[in-house]
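[1] The following block contains a protein sequence and its predicted model.
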There are 2 protein chains.
Amino acid sequence: MKVSTQEAAPAFPFADGIFPAGCPSRIVLDHVTSKWGVLILVALSEGPQRWSELRRRAEGISEKMLAQTLKTLEADGFVRREAQPIIPPRVDYSLTVSGQELAALLLPLVSWIAGHADTIVGRSARKAAGAGD
Amino acid sequence: MKVSTQEAAPAFPFADGIFPAGCPSRIVLDHVTSKWGVLILVALSEGPQRWSELRRRAEGISEKMLAQTLKTLEADGFVRREAQPIIPPRVDYSLTVSGQELAALLLPLVSWIAGHADTIVGRSARKAAGAGD
DNA sequence: CCGGATCCTATACGATACTG
DNA sequence: CAGTATCGTATAGGATCCGG
């Protein structure tokens, strides 16, 4: 077993394979890391929001994908949907406790990316010279 | 601006839209959250590894996707590739500093998912009753 | 052993139109 | 306003063969 710089946990938890193909973790990971999953979860981490609000926040999302993503996240227990039987309809989406935990892990990731993306794609565009760091 | 339960930072950094469609952040996010991106980065966070090792770790990945994912991550400056001109070839992949930073953010996420996936898909399978939490 | 090239399929996704 | 239904397309991704 190898011991490198980044050591805190007793043992690397994914030493022999991240996890098996098709296992529940893979499924959830795919849901979360779907094209819009991260964006929706991050958007909702600010607080409950309506459908139309989410559409604006996740710029570029189609109605179909918003519906599909929300449904998946709701089925996974990350998002709660509350519809009010009024005309015109009003539906609020919010994070469950589980969803808040997840979003709390996603926010640093998204922030990091937001802070480094320009450098990264800049380097990509320059054809990725030789030195990575 | 709304103030709800989860308030800690001075201001929510993604208050009016996560970030614009097609911007560098979106591109990098898509690379990282591609089907195999997370798995490869997490796998490499344990230390440098060879092609064949990565294939085992990321169970179920095809050669094509491994090559493609590694190339993308390398172009983004997250992964370093070192090929030794010997027969048979030996190629080692490792994380750059940037890649290590990213992986450090990914690990908690993957660990959390690994710890909750069974509950989550269990609930999903039971048709997602009514209460999310 | 490490991949590149090619072909093919599944499906994720977007655009549009329609409904309660 | 908040969706659903349908269709068409782009592309992600897998299988296989080949080459250094």
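    Arrived safely, thanks for sending. Numbers count the residues shown, from 1 in each chain, chains lettered A, B, ... in the order given.

[2] So which residues of chain A form helices?
    Counting by DSSP state H, residue ranges of the helices within chain A are A:24-32, A:37-44, A:51-57, A:63-75, A:97-125.

[3] near DNA strand D, which residues of chain A?
    Proximity of chain A to DNA strand D is confined to A:50-52, A:63-64, A:67, A:71, A:81, A:83, A:88-91, A:93 under the rule CB under 7 Å from any atom of the strand. In this view, the C-beta of every residue, glycine as well, is placed from N, C-alpha and C.

[4] what about the residue nearest the centre of chain A, distance to A:Glu82?
    Nearest residue to the geometric centre of chain A (CA atoms, centre = their mean): A:Val38, 2.2 Å. Distance, A:Val38 to A:Glu82, using CB to CB, to the nearest Å: 23 Å.

[5] From A:Ser98, how far off is the residue nearest to the centre of chain A?
    When distances are taken as CB to CB, A:Val38 and A:Ser98 turn out to be 16 Å apart.

[6] With A:Glu59 instead?
    Using CB to CB, A:Glu59 is found at 26 Å from A:Ser98.

[7] Which one's more surrounded, those two?
    Comparing A:Glu59 with A:Ser98 by neighbour count (other CB atoms under 10 Å in any protein chain shown), the higher total belongs to A:Ser98, at 20 against 16.

[8] So the more buried one is in contact with A:Arg80, correct?
    No. Here A:Ser98 lies out of contact with A:Arg80, judged by CB atoms under 8 Å, at a distance of 9.9 Å.

[9] Can you get me a residue count around A:Thr69?
    Neighbour count for A:Thr69, taken as other CB under 10 Å: 23.

[10] Which residue comes closest to it once chain neighbours are left out?
    A:Trp36 (4.5 Å; CB to CB, 6 or more residues apart in numbering or on different chains).

[11] any idea how far the one you found is from DNA strand C?
    A:Trp36 sits 6 Å away from DNA strand C when distances are taken as CB to the nearest atom of the strand, to the nearest Å.

[12] Please apply the same query to A:Ala43.
    If you measure A:Ala43 against DNA strand C using CB to the nearest atom of the strand, the figure is 15 Å.

[13] Excluding residues flanking it in the chain, which one is nearest that residue?
    Sequence neighbours aside, A:Arg57 is the residue nearest to A:Ala43 in space, at 4.1 Å (criterion: CB to CB, 6+ apart).

[14] again with A:Arg26
    Of all residues apart from its sequence neighbours, A:Phe19 sits closest to A:Arg26 (CB to CB, 6+ apart), at 6.4 Å.

[15] Kindly report the same for A:Met65.
    Looking at A:Met65 with CB to CB, 6+ apart, the closest residue is A:Trp36, at 5.5 Å.

[16] Now do the same contact list for the one you found.
    Contacts for A:Trp36 were tallied using CB atoms under 8 Å, 6 or more residues apart in numbering or on different chains; they are A:Ala58, A:Ile61, A:Met65, A:Leu66, A:Thr69.

[17] Whichever of those end up buried, select them in PyMOL.
    One line in PyMOL is enough to select the buried ones among these; burial here means 16 or more other CB atoms under 10 Å in any protein chain shown:
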select buried, chain A and resi 58+61+66+69
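
[18] nearest to DNA strand D, of the contacts of A:Trp36?
    The nearest member of the contacts of A:Trp36 to DNA strand D, counting by CB to the nearest atom of the strand, is A:Leu66 at 7.6 Å.

[19] What pLDDT is listed against that closest one?
    Note for A:Leu66: predicted pLDDT of 95.

[20] which residues touch it?
    When contacts are counted by CB under 8 Å, 6+ apart, A:Leu66 is found next to A:Trp36, A:Ile40, A:Trp51, A:Leu54, A:Arg55, A:Ala58.

[21] Averaged pLDDT, stretch A:83-91. What do you get?
    Taken as a whole, stretch A:83-91 carries a mean pLDDT of 90.

[22] Near DNA strand C, which residues of chain A are found?
    A:Ser34, A:Lys35, A:Trp36, A:Gly60, A:Ile61, A:Ser62, A:Glu63, A:Lys64, A:Met65, A:Pro88, A:Pro89.
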